[in-house]
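> Quick one, what's the 3D model for this:
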Amino acid sequence: MADAVLIWGAGAIGASIGAALVPSGVAVTLVDTDRDHVLAMRSTDRGLVIQGGSFAFQAAVDARLPDELSGRWRVVLLCVKSQHTADAVTRLRPFLADDGFVVALQNGLTELTIEAAIGRDATIGGFVNFGADRLEPGRIAFGNHGAMAVGELDGA
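This next block holds a predicted model:
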């Protein structure tokens, strides 16, 4: 089974990626600072709803506020807005396993900021090119399919 995945930043991009991983059996934990959004995503009445195009998902998910989090993850997907990168990496660092890594799945080039906080070997670059918008707490409009690529900073 795949490693459990911590997604830090569960807005449109983070929630969409999480929703795509859950049906594959990946244990996904979504973290966000918006209390209403977190409560909506974990609600058994509705849960996280992704709709649009050919992608649909609706289920309660493991969503938490940062202060509700405990444990450590080997795989962390960072999906916050680029201007929040430094703060997010500082806050998620205690939850990163010793052999863990952070994948930058954000708009913008944030890898150097992540590298400065946790080191080059623990930083994976990423490129996200699909559209999604948060409509309201727990509800995401998926706009279009697109490319997503990840890789080590040295191009390997």
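> lowest-confidence helix or strand of this protein?
strand 139-152 (a mean of 80; mean pLDDT, DSSP states H and E).
> Which positions within that one qualify as buried?
Buried residues in strand 139-152, defined by neighbour count with 16 or more other CB atoms under 10 Å: Arg139, Ile140, Ala141, Phe142. In short, each C-beta sits where N, CA and C put it, glycine included.
> again with stretch 91-106
Buried, per 16+ other CB under 10 Å, within stretch 91-106: Arg91, Leu92, Phe95, Leu96, Gly100, Phe101, Val102, Val103, Ala104, Leu105, Gln106.
> quick one: which of the residues you listed sit in strands?
Leu96, Gly100, Phe101, Val102, Val103, Ala104 (DSSP state E).
> Run the chain-centre distance for the lengthiest helix in the chain.
Ranked by residue count, the top helix of the chain under DSSP state H comes out as helix 12-21. The chain centroid and the centroid of helix 12-21 are separated by 7 Å under CA atoms, centre = their mean, to the nearest Å.
> Give the other helices and strands that the following helix or strand past it contacts.
Of the helices and strands lying after helix 12-21 in sequence (DSSP states H and E), the nearest is strand 28-31. In terms of contacts (3 or more CB pairs under 8 Å, 6 or more residues apart in numbering; DSSP states H and E), strand 28-31 is packed against strand 5-8, helix 12-21, strand 62-64.
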